[in-house]
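A.B. asks: quick one, fold the following:
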Amino acid sequence: MDHMKRFPFGHVTHPDWRIAVSLVVAQIRGRIAQGDYAQQPQLGIAYFSDHFAHDAALLLEALQDEFPLVTDWAGSVGAGVMAAHGEYRGEPALAVMLLDLPRDAYRIFSGIAPLKINAAGPWQQALVHADAALPDLQELLAELAARTTSKQLLGGVSLDTEAPVQLAWSQSQSPSHSGVLQGGLSGLVFGPGAGLLYASTQGCQLTSDRMRITALQGNVLLSLDGRPALDVLEEMMLVRVDAQPEQALRKIRHILVALESQDDAGQHHPGQFPPTARVCSLVGVDMNRRGIVLPESALSQKYLYFCQRNWTAARADLLRVCAELREAMSPAESTLGDPPAPESTVERGIAGVIYISCTSRGGEYFGSNNGELELLHHVLGDIPLIGFFTPGQIAGQQLHRFSGSLLVFTKSD
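C.D. replies: Prediction:
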């Protein structure tokens, strides 16, 4: 095994999944032949659009046949697929990466092969693919996070797809299973030998200070800092709901809230809420109780920030996160904000990247076609990268919106 060379990958859009697989296989084999990519990787990750979801079992079987030395596969359908510098949204697409990791540095888990509490490890980090329809998803994420030393998860949900399927197959665990699952959680846990760095980036900007939730009933937030929640909202909007309902409704549609459960919010940058905060939209208002209505219960939350989507803040935070990752890999030679030179220590230090982004962040939200991926490569170099778009991102121990998550595999020369 060529330990921690660059991970070979391939990506394509084509309406026929068979041709898509053959083109991706050709790309991967071409990269392996170059010599600076791993020669005998044994772990595969595949992301595909919902155009291929109903053929997922056949697609996985074809990949297994083409790469018989790959003994483990994980992946998911996505609302969109990304790889290298390109996004595939609203079109049939497939992205595959083969990872060269020590066999004791990772483990596939799923409902067929669950991760036990006393599983050998210690497992530091998890990449999670989840069914958004799970009624107890939040509890399952917290339970899984508790089985890692970092208590941190990264991943996404398979929502807004025709068939929310996941891939989780291991030759050593359940070789007779097709490897295609629907429902539950699946993915990978990683140990110290995986050489991981991970980070999350937010896509919203604060429009208020942190306020304590002082009364709520179900998903109706009644008071903030001891004041009626609707009074606080109206002061921020500079409009009263009863006096100007149409104008107020237009403003409410653009207002989001970030919920926080920690008393100690930790360090976070000006204008950005803590990374553990969870963003959700406002559903409406309760005039009788002077409350604001959330899409879900906030019983486990203690604090609230008002915020709004802001592409400038999203861009700045993505650049910051990438720069901090770059600094972590080569602190002596890194100057934050400057793009790395070709063949820099940063680029050579990255074996591969998995990126999971919100469906509302892609496209031209960052200023141009594929703008988000161009920013990533601007700071981190020409890295092997695949990922997918999802309306629900998993970071820390909970679901987020408008965010992005990076899982970076480092390597030694």
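
A.B. asks: and the residue nearest to the spatial centre of the chain, what helix or strand is that in?
C.D. replies: Note on the chain: the residue nearest the mean C-alpha position is residue 356, at 3.3 Å, using C-alpha atoms, centre = their mean. Using DSSP states H and E, residue 356 maps to strand 350-358.

A.B. asks: strands paired with that strand, and their directions?
C.D. replies: strand 385-390 (parallel), strand 404-410 (antiparallel) (DSSP bridges).

A.B. asks: tell me the buried residues in the longest one?
C.D. replies: Yep, that's strand 404-410 we're talking about. Neighbour-count burial for strand 404-410 flags 404, 405, 406, 407, 408, 409, 410 (criterion: 16 or more other C-beta atoms under 10 Å). C-beta: built from backbone N, CA, C; applies to glycine.

A.B. asks: the shortest one too?
C.D. replies: Along strand 385-390, the positions that meet the burial threshold by neighbour count (16+ other C-beta under 10 Å) are 385, 386, 387, 388, 389, 390.

A.B. asks: following it, which helix or strand comes up?
C.D. replies: strand 393-396.

A.B. asks: and the pLDDT for residue 120?
C.D. replies: Here the pLDDT value assigned to residue 120 is 47.

A.B. asks: and what of residue 216?
C.D. replies: Value for residue 216, per-residue pLDDT: 93.

A.B. asks: now the element after the strand or helix carrying it, going C-ward?
C.D. replies: In this structure, residue 216 sits in strand 211-217 according to DSSP H and E. Using DSSP H and E, the helix or strand that directly follows strand 211-217 along the chain is strand 220-224.

A.B. asks: which strands or helices does that next one pack on?
C.D. replies: On a contact count with 3 or more C-beta pairs under 8 Å, 6 or more residues apart in numbering; DSSP states H and E, strand 220-224 meets strand 211-217, helix 229-237, strand 291-293.

A.B. asks: so what are the sheet partners of the shortest one and their directions?
C.D. replies: Strands flanking strand 291-293 in the sheet, each with its direction: strand 220-224 (antiparallel), strand 284-286 (antiparallel) (DSSP bridges).

A.B. asks: and of these, who's closest to residue 247?
C.D. replies: With distances scored as C-beta to C-beta, the stretch of the strands paired with strand 291-293 nearest to residue 247 is strand 284-286 (13.5 Å).

A.B. asks: check which residues of the closest one are buried.
C.D. replies: Neighbour-count burial for strand 284-286 [16+ other C-beta under 10 Å]: 285, 286.

A.B. asks: what lies in contact with that strand?
C.D. replies: 220, 230, 233, 241, 252, 291, 292, 293 (C-beta atoms under 8 Å, 6 or more residues apart in numbering).

A.B. asks: residue 102: how many residues sit nearby?
C.D. replies: 15 (other C-beta atoms under 10 Å).

A.B. asks: how about the one 10 residues further on?
C.D. replies: Each residue near residue 112 was counted by other C-beta under 10 Å, and the total is 17.

A.B. asks: same thing with residue 226?
C.D. replies: 9.

A.B. asks: who are the contact partners of it?
C.D. replies: residue 214.

A.B. asks: so residue 51 makes contact with residue 88?
C.D. replies: No - in this structure residue 51 lies outside contact range of residue 88 using C-beta atoms under 8 Å: 9.9 Å.

A.B. asks: now for these two: what residues contact both?
C.D. replies: Joint contacts of residue 51 and residue 88 (C-beta under 8 Å, 6+ apart) do not exist.

A.B. asks: let me know which of the helices and strands packed on strand 220-224 is tucked in deepest.
C.D. replies: strand 291-293 (a mean of 22; mean count of other C-beta atoms under 10 Å).
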